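[1] Next one to model:
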Amino acid sequence: ASFTLTANGAKNASLGGLVTYPQTLTNTGNGNDSFSLSTSNTGGFSFTAVILYADANGDGVPDNAIPITSSGTLAAGAVFKFVAIGSVPPTAIT
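    All right, here's what the predicted structure looks like:
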């Protein structure tokens with residue numbers, strides 16, 4: 001199994017607002033595989049929540065309101081697009 005994950009970096013967000021990070025996962029292995037997806041808050045800033053949603057057309061907007069935890073089965077070389085949406089705490093320090 002092997003994969004690459006391409007993510008968009010730094011974003012600006014309003015206190016108490018949402019910030020969206022488009023992600024692209026590519027199966028770089030030599031066969032079919034599925035990948036578990038999860039989030040963690042590390043570093044000097046923590047979101048109140050981070051939820052992952054499918055984004056099949058890669059427009060940076062979730063396809064629906066159903067959270068995901070897996071890429072589903074991807075063929076070798078296939079791409080899975082999704083977004084990570086973080087909730088900025090209303091008490092965050094700017």
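[2] sec struct for residue 93, please.
    Classification of residue 93 using DSSP: H, G, I helix; E, B strand; the rest coil returns coil.
[3] List the beta-bridge partners for the residue positioned nearest the centre of the chain.
    When the chain is reduced to its mean C-alpha position, the closest residue under Cα atoms, centre = their mean turns out to be residue 84, at 3.2 Å. On the basis of DSSP bridges, residue 84 is bridged to residue 21, residue 52.
[4] CA-only coordinates of the helix or strand of the chain with the lowest mean pLDDT in PDB, if you can.
    Every helix and strand of the chain was ranked by mean pLDDT, DSSP states H and E. The lowest is strand 3-7, at a mean of 92. Once side chains and other backbone atoms are set aside, the C-alpha atoms of strand 3-7 remain, and they are given as PDB (Å, rounded to 0.1, in the frame of the first residue of the first chain):
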ATOM      1  CA  PHE A   3      -0.500   6.900  -1.200                       C
ATOM      2  CA  THR A   4       0.200  10.600  -1.500                       C
ATOM      3  CA  LEU A   5      -1.900  13.300   0.200                       C
ATOM      4  CA  THR A   6      -1.900  16.800  -1.300                       C
ATOM      5  CA  ALA A   7      -3.500  19.400   0.900                       C
END
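[5] Show me what counts as buried in that strand.
    Taking 16 or more other Cβ atoms under 10 Å as the neighbour-count basis, strand 3-7 is seen to contain no buried residue. In short, each C-beta sits where N, CA and C put it, glycine included.
[6] go on, stretch 72-86?
    74, 80, 81, 82, 83, 84, 85, 86.
[7] Next, format these as TSV and append pLDDT and distance to residue 28.
    Formatted as TSV, those follow (pLDDT from 0 to 100; distance: Cβ to Cβ, whole Å):
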residue	pLDDT	distance to residue 28
74	98	10
80	97	12
81	97	15
82	97	17
83	96	21
84	95	20
85	95	26
86	93	26
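[8] Mind putting those into CSV with distance to residue 25?
    As requested, these are exported to CSV (distance: Cβ to Cβ, whole Å):
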residue, distance to residue 25
74, 8
80, 5
81, 8
82, 7
83, 12
84, 11
85, 16
86, 18
